[in-house]
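K.L.:
here are the coordinates; sequence isn't available:
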């Protein structure tokens, strides 16, 4: 793997860890992936923007509590790394299926996940998802 590929692979791994925590409905795994900076941003489809880790954590906890099962198939993942190598984002399509009791919903969601490198780890600074 070339030096150019290594940062992109690390960002993709962090992005996949986000979706693994999401699918597992695991708030502690999710919490381990987010940067605690006050600038953190999360926009769930149809929701107003949430800023700061406390509001973002509360949103994930509510989603997880109200969901029985979540499945993702990710498509069209594209990584962009800032010229300084300290920030990146992944644009992708989330093909999502959510199960809540007898109700199953799903669809394609366009998303951009922003990351910042801290102490050698890529941490989420934003998740913005809108219906595709």
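P.N.:
Alright, I've got the coordinates. These figures come from a predicted structure and were not determined experimentally.

K.L.:
give me the buried positions along the helix or strand containing residue 6.
P.N.:
Taking DSSP states H and E as the criterion, residue 6 maps to helix 5-24. Neighbour-count burial for helix 5-24 flags 7-8, 10-12, 14-15, 17-19, 21-22 (criterion: 16 or more other Cβ atoms under 10 Å). The C-beta positions use only the backbone N, C-alpha and C, and glycine is treated the same way.

K.L.:
what's the farthest-apart pair in those?
P.N.:
Using Cβ to Cβ, the pair of the buried residues of helix 5-24 lying farthest apart is 7 and 22, separated by 22.9 Å.

K.L.:
can you count the residues close to the nearest residue to residue 101 once chain neighbours are set aside?
P.N.:
Computed as Cβ to Cβ, 6 or more residues apart in numbering, the closest residue to residue 101 that is not its neighbour in sequence is residue 68, at 6.4 Å. Residue 68: 12 surrounding residues under other Cβ atoms under 10 Å.

K.L.:
thinking residue 68 is in contact with residue 103, fair?
P.N.:
No: taking contacts as Cβ atoms under 8 Å, residue 68 lies outside contact range of residue 103: 9.2 Å.

K.L.:
redo the buried residues of helix 5-24 as CSV? Include pLDDT and distance to residue 123.
P.N.:
Below are these laid out as CSV (pLDDT from 0 to 100; distance: Cβ to Cβ, whole Å):
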residue, pLDDT, distance to residue 123
7, 93, 14
8, 96, 16
10, 97, 12
11, 98, 11
12, 97, 14
14, 98, 7
15, 98, 11
17, 98, 10
18, 98, 10
19, 98, 15
21, 98, 13
22, 97, 15
